[in-house]
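In: Quick one, fold the following:
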Amino acid sequence: MIKSIKIGALAVAGALALAACSGGSDSAGGDALVVGTDLPIQGASADASKSTNEVVALVLEQAGGKAGDYTVTIKEYDDSTAAKGAWDDAACAKNAQDHVANTAEVAVMGTYNSGCAKIIIPVLNQAGMLMVSHANTYPGLTVEWDKGEPGLYYPSGARNYARVIAHDGFQGTAAAQFIYNEQKKTHCAVMDDTQAYGKGIADAVAIEFARLGGTVDRYSWDVKQPSYTATFEKIKASGADCVYFGGIFDNNGVQLVKDKTAVLGDNTKFFSMAPDGFSGYPVLRDMPEAEGLWMTFAGKSLDGIKKAGGVGGKFVEDYIAKYGAEPNSSYAMYGGVAMQVILKAIAASDGTRQGVLDAVFAGEPICLTAEESVSGMGFCLTQETGDVDTVTMTLQQMTGGVETDIKSIEIS
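Out: Numbers count the residues shown, from 1 in each chain. The predicted model follows:
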């Protein structure tokens, strides 16, 4: 844990220094503007990232390649490495500098991982460049959470980051209430993968579960551990009646889920739940040990979007017609929503980075109606924080290898 924090801090410091040296041009350099996508294209998230880039491209194609009077193109950035098979601190820091150096680039769609966002946001902030995420749910990126947050991500003193899904303060609360109030569990082992997203969602679950009157034991899992049997033996001995996986499936989730089942039993015998960091992974869906796993998703899931029909359902049909299969991840659809926000900002701007940024954080708020959003969900971005002003959570369960919607859940 300490090592990863040090690496992240060095990456941020180095990238900020490079951004300061480059100066960060305010002009887009003409009418042909670039939107960068910043995603982990290698490793366990590769399929979801591929779908996300395709959804973003289709949104732009259906907009005629234009935002107002401006022609827009997309440049894809990879924030992962083959060696790590996931997002990487150094890759995120390099991408941050590359975004700034590309003077035609006026905004970034991404990132997928909150830890990577921590590195990129401050660099783009100094350059006056908009970033809109479809998947970052760590609360501290936009609201007070850990020490110094969120201010440490905004060295200029102004906001440049928004997201089109609710943060984990909401998702964790909803999960804890479901576990305690509806599943009647009273003693939960809450685990995190030591990363920003995982620790944030685990903290949110633990805080709310304890507030409701439950007992919480905290554990962490290291991605490099070959086995988690000893941890689950401790959980078994503790008398816990549930386990919550706060983190992303990329971080050795296969071994984690297998070892949980081997020691504690399958999900009909011992309750387990995970956040949307476990969503959209074909490997997990194919695991027999995952059957019955409960999950939350911070928004309307792909299944819900399809069933609702309307513009969202039609967009999924268009995607299938173009690419031969439906999007691989619910979050891919929110990549399209983030792109819609960026296109609206560009259309309302003077074509400069600052103009695009001001379109989101000054003047009239950027909103999408349910009739125009490819998720079928309407919202406005709150200019104070960059968060959405509506919160929708979906409760799911893995049934027959499918992330099946059970219901929308309200947060009390």
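In: which parts of stretch 71-86 are buried?
Out: Val72, Ile74, Glu76, Tyr77, Asp78, Asp79, Ser80, Thr81, Lys84, Gly85, Ala86 (16 or more other Cβ atoms under 10 Å). Quick note: C-beta positions are derived from backbone N, CA and C, even for glycine.
In: likewise stretch 354-371?
Out: Per 16+ other Cβ under 10 Å, stretch 354-371 contains these buried residues: Gln354, Gly355, Val356, Leu357, Asp358, Ala359, Val360, Phe361, Ile366, Leu368.
In: again with stretch 50-64
Out: Lys50, Ser51, Thr52, Asn53, Glu54, Val55, Val56, Ala57, Leu58, Val59, Leu60.
In: could I get the buried residues of stretch 354-371 as a markdown table with pLDDT?
Out: Compiled in a markdown table, these are given as follows (pLDDT from 0 to 100):
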| residue | pLDDT |
| --- | --- |
| Gln354 | 98 |
| Gly355 | 98 |
| Val356 | 98 |
| Leu357 | 98 |
| Asp358 | 98 |
| Ala359 | 98 |
| Val360 | 98 |
| Phe361 | 98 |
| Ile366 | 98 |
| Leu368 | 97 |
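In: Go through those and flag which are in strands.
Out: Leu368 (DSSP state E).
In: Tell me the one of the buried residues of stretch 354-371 nearest Glu291?
Out: Leu368 (35.8 Å; Cβ to Cβ).
In: these two touch, right, that closest one and Met339?
Out: No: the criterion here is Cβ atoms under 8 Å, and Leu368 misses it with Met339 at 11.0 Å.
In: Tell me how far Val216 lies from Gln171.
Out: 17 Å (Cβ to Cβ, to the nearest Å).
In: more crowded one of the two?
Out: With neighbours defined as other Cβ atoms under 10 Å, Val216 and Gln171 compare such that Gln171 has more, 28 against 18.
In: give the contact list for the spatially most central residue of the chain.
Out: Nearest to the mean C-alpha position of the chain, by Cα atoms, centre = their mean, lies Ala135 at 2.1 Å. Applying Cβ atoms under 8 Å, 6 or more residues apart in numbering to Ala135 gives the contacts Thr111, Tyr112, Asn113, Arg163, Ile165, Tyr331, Tyr334, Gly335.
In: ok, 10 Å please
Out: Listed by Cβ atoms under 10 Å, 6 or more residues apart in numbering, the contact set of Ala135 reads 39, 45, 48, 52, 110-114, 117, 163-165, 197, 276-277, 279-280, 298-299, 329-332, 334-335, 338.
In: sorry, back to before: could you tell me which residues touch both of Leu368 and Met339?
Out: Val164, Val374.
In: helix/strand/coil for the residue nearest to the centre of the chain?
Out: coil (DSSP: H, G, I helix; E, B strand; the rest coil).
In: Quick one: mean pLDDT over stretch 102-120.
Out: Stretch 102-120 carries an average pLDDT of 97.
In: so how far is it off the chain centroid?
Out: Distance, stretch centre to chain centre, for stretch 102-120: 12 Å (Cα atoms, centre = their mean, to the nearest Å).
In: how far does that stretch stretch from start to finish?
Out: 15 Å (Cα to Cα, to the nearest Å).
In: Would you mind listing the buried residues in it?
Out: Quick answer for stretch 102-120 (16+ other Cβ under 10 Å): 102-120.
In: now, which of the buried residues of stretch 354-371 lie within helices?
Out: The helices, defined by DSSP state H, take in Gln354, Gly355, Val356, Leu357, Asp358, Ala359, Val360, Phe361 from those.
In: For Ser156, see how far away the third one is.
Out: Applying Cβ to Cβ, the value for Val356 to Ser156 is 15 Å.
In: where do the helices sit along this structure?
Out: Going by DSSP H, the chain shows helices at 2-22, 46-62, 89-101, 114-126, 168-177, 196-212, 229-238, 253-264, 282-286, 302-308, 310-323, 330-347, 353-361.
In: which other helices and strands contact the second one?
Out: In terms of contacts (3 or more Cβ pairs under 10 Å, 6 or more residues apart in numbering; DSSP states H and E), helix 46-62 is packed against strand 32-39, strand 70-78, strand 105-110, helix 282-286, helix 310-323, helix 330-347.
In: quick one, it and strand 32-39 angle?
Out: 160 degrees (axes from the mean of the first three to the mean of the last three Cα atoms, to 10 degrees).
In: Now find how far off-centre helix 46-62 is within its chain.
Out: The answer for helix 46-62 is 15 Å, by Cα atoms, centre = their mean.
In: domains of the chain?
Out: 2-167+311-380, 168-297+393-409 (automatic domain parsing).
In: would CSV of these with distance to Asp387 be doable?
Out: Shown next, in CSV, are these (distance: least, Cβ to Cβ, whole Å):
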stretch, distance to Asp387
domain 2-167+311-380, 5
domain 168-297+393-409, 10
